[in-house]
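Enquirer: Sharing a sequence plus its predicted fold:
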Amino acid sequence: APLSEAPPTGVPAYRALAAGIRDWLMDGRLVPGAILPSERALTQTLGVSRTTVTRAYQELVKEGYAATRRGSGTVLRFPGAGPNRLSPFGPQLTDPDDDQVDFTCAASAAPAGLMTAVDAALGELGAHARGIGYHPRGLPTLREAVAQRYRDRGLPTDPENILIVPGALAGAAVVARARVQAGDRVLIESPTYPNAAQALRAEGARLVGIGVGGGGWHVPEIAAALRRTRPRLAMLIPDYHNPTGALMDDDTRAAVAAALRAGDCTALVDETMAELDLDGAAGGRPTPFAAQAASTLTLGSMSKSFWGGIRVGWIRAPRSEVDDLYAALSTLSLGCSVIDELVAVHLLADADRILAERRASLRRSRDALVALLRTHLPTWEFGVPSGGLTLWCRLPEPIAVAVAGQAERLGVYVVPGVRFSIGGGMAHHLRLPYAGDPGSFATAVERLRRAYDAALAAPSSLPAPQDPVTLGERDAMIA
Ligand SMILES: Cc1ncc(COP(=O)(O)O)c(C=O)c1O
């Protein structure tokens, strides 16, 4: 029931308010980490007495659904959960004997070729050590190796088009800093990779979400959003989109590029997953988005194709843009680690072999997770992505946050859909990555089944109307 509705007779108003907030947490309209409005603000908004709000907050704290944090107020949580356990960075489990399963990160362990690349890089380091070690736009050999990879994909590229940055997320932050001014609108898929959305928000962007659901991208919707909101930048993940796994085909790329051109809007395209095609797409992989729109700023990375521990990514841009992007980068960092860059050069030299192995192993992992889910959670729906690292599961009920909370108690960490949404919702969805150790999948799915049963059995997590969130600023709620 709406929080402002009169409580049923006999139920004290503070109890009804606490129950309402708890229900919103359970059905995903509020997320763990959300900061509740100040007692004074909520008193005014709801027109109830201050004591009602104070006692409601006290009740939530007593039950474990909230914690008081100095400086931030009252923060929602699940009973028994530590703070921020649902962070997309995950609990970083490293102990192989630990039977917890971390499904929060879509990332794989290092490929077999890593140590060979490191040895080769160390062999070259002596020569570099005679210089000062700064290569602000990137090590020349790496810029050339990255450019070559684009040429191999059919997109003419020179080293002068490449700016090396410490990862694709850093690349998004650099573009945001160079291109976004406070109040600018930026088009972005919803759901999307949340850290990139945060990087844009950090520069004051007002994000305009466009859907990328089961059917992928909808060009008329994109064109309408462009006309309505006149954004200068559109952030897209057309290649095995995180979290949905969707792949934009060539015709859609051409149509989206035309719509962006008509709207005088530059594409910021994140190709972090582009090399992780798992099924050898019939007719070949789509051409890089930048082939359709020369002004495109493309982000790439070593993180998912090779290893996240190599903090090397890049921005591919028109030559005339690279100096401005470099100026933005230099407010954050004077470039990457030479050792990482040298390792990246050697990994890229061995890319065909390493990527063939990675694709084969991801294919096995994806198929194993799909089979387990179909057996043990047959009502969860998902498309099987032809690449990338994640399954985007739709539960019949809007209880993904409650399932994530219950799963956490059982030692499985998953990220509910709301974390990937622009502006809330996605209460039916959970993202399940298959990038980790498939040996853990059977345990994980069995616990997810128990978590799902527990969430279904909890009356407060049953379906509720999808009212827009009105408690405070949605953006400020995501921990
Ligand atoms: C779409 C997307 N972009 C960027 C990143 C982060 O990449 P990096 O480690 O290179 O910063 C991720 C990681 O999950 C991602 O999924």
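Expert: Right, received. Where do you want to start?
Enquirer: For the rest of this, base every contact and every neighbour count on C-alpha atoms.
Expert: Noted.
Enquirer: Are there helices or strands packed against the helix or strand hosting L448, and which ones?
Expert: For L448, the element it lies in under DSSP states H and E is helix 441-457. Where contact means 3 or more CA pairs under 8 Å, 6 or more residues apart in numbering; DSSP states H and E, helix 441-457 is packed against helix 351-376, helix 400-409, strand 412-413.
Enquirer: What residues of that helix count as buried?
Expert: Buried residues in helix 441-457, defined by neighbour count with 16 or more other CA atoms under 10 Å: 441, 443-445, 447-452, 454-456.
Enquirer: now stretch 199-214
Expert: 199-201, 203-212.
Enquirer: would you list the buried residues of helix 441-457 in JSON lines and tack on distance to E357?
Expert: Conversion of the buried residues of helix 441-457 to JSON lines gives the following (distance: CA to CA, whole Å):
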{"residue": "F441", "distance to E357": "20"}
{"residue": "T443", "distance to E357": "25"}
{"residue": "A444", "distance to E357": "24"}
{"residue": "V445", "distance to E357": "25"}
{"residue": "R447", "distance to E357": "30"}
{"residue": "L448", "distance to E357": "29"}
{"residue": "R449", "distance to E357": "31"}
{"residue": "R450", "distance to E357": "34"}
{"residue": "A451", "distance to E357": "34"}
{"residue": "Y452", "distance to E357": "34"}
{"residue": "A454", "distance to E357": "39"}
{"residue": "A455", "distance to E357": "38"}
{"residue": "L456", "distance to E357": "40"}
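Enquirer: mind putting the residues you listed in JSON lines, distance to the ligand and pLDDT included?
Expert: Formatted as JSON lines, these follow (distance: CA to the nearest ligand atom, whole Å; pLDDT from 0 to 100):
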{"residue": "F441", "distance to the ligand": "20", "pLDDT": "96"}
{"residue": "T443", "distance to the ligand": "23", "pLDDT": "95"}
{"residue": "A444", "distance to the ligand": "20", "pLDDT": "96"}
{"residue": "V445", "distance to the ligand": "22", "pLDDT": "98"}
{"residue": "R447", "distance to the ligand": "24", "pLDDT": "97"}
{"residue": "L448", "distance to the ligand": "22", "pLDDT": "98"}
{"residue": "R449", "distance to the ligand": "25", "pLDDT": "98"}
{"residue": "R450", "distance to the ligand": "27", "pLDDT": "98"}
{"residue": "A451", "distance to the ligand": "25", "pLDDT": "97"}
{"residue": "Y452", "distance to the ligand": "25", "pLDDT": "97"}
{"residue": "A454", "distance to the ligand": "29", "pLDDT": "95"}
{"residue": "A455", "distance to the ligand": "27", "pLDDT": "95"}
{"residue": "L456", "distance to the ligand": "30", "pLDDT": "95"}
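Enquirer: ok, and what's touching stretch 429-440?
Expert: With contact meaning CA atoms under 8 Å, 6 or more residues apart in numbering, stretch 429-440 is reached by 101, 103-109, 243-244, 362, 365-366, 368-369, 389-395, 398, 400, 414-418.
Enquirer: Stretch 209-229 now?
Expert: Residues outside stretch 209-229 that contact it (CA under 8 Å, 6+ apart): 185, 187-191, 208, 244, 246-248, 252, 255-256, 259-260, 263, 383, 422-423.
Enquirer: Of those residues, which belong to strands?
Expert: Using DSSP state E, the members of the contacts of stretch 209-229 that fall within strands are 185, 187-190, 208.
Enquirer: circling back to that earlier point, so can I have a markdown table of the helices and strands packed on helix 441-457 showing mean pLDDT?
Expert: Output for these, formatted as a markdown table (pLDDT from 0 to 100):
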| stretch | mean pLDDT |
| --- | --- |
| helix 351-376 | 97 |
| helix 400-409 | 93 |
| strand 412-413 | 94 |
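Enquirer: before we move on, the earlier item: let's see which of the buried residues of stretch 199-214 end up in strands.
Expert: Filtering those for strands - DSSP E - leaves 206-212.
Enquirer: So which of the helices and strands packed on helix 441-457 has the densest surroundings on average?
Expert: Here the criterion is mean neighbour count by mean count of other CA atoms under 10 Å, and of those the winner is helix 400-409, at a mean of 26.
Enquirer: Return that one as PDB; C-alpha atoms alone will do.
Expert: The C-alpha trace of helix 400-409 is given here as PDB (Å, rounded to 0.1, in the frame of the first residue of the first chain):
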ATOM      1  CA  ALA A 400      14.700 -10.300  -7.400                       C
ATOM      2  CA  VAL A 401      16.000  -8.200  -4.500                       C
ATOM      3  CA  ALA A 402      14.400 -10.500  -2.000                       C
ATOM      4  CA  VAL A 403      15.900 -13.500  -3.800                       C
ATOM      5  CA  ALA A 404      19.300 -11.800  -3.800                       C
ATOM      6  CA  GLY A 405      19.000 -11.200   0.000                       C
ATOM      7  CA  GLN A 406      18.000 -14.800   0.700                       C
ATOM      8  CA  ALA A 407      20.800 -16.100  -1.600                       C
ATOM      9  CA  GLU A 408      23.300 -14.000   0.300                       C
ATOM     10  CA  ARG A 409      22.300 -15.700   3.600                       C
END
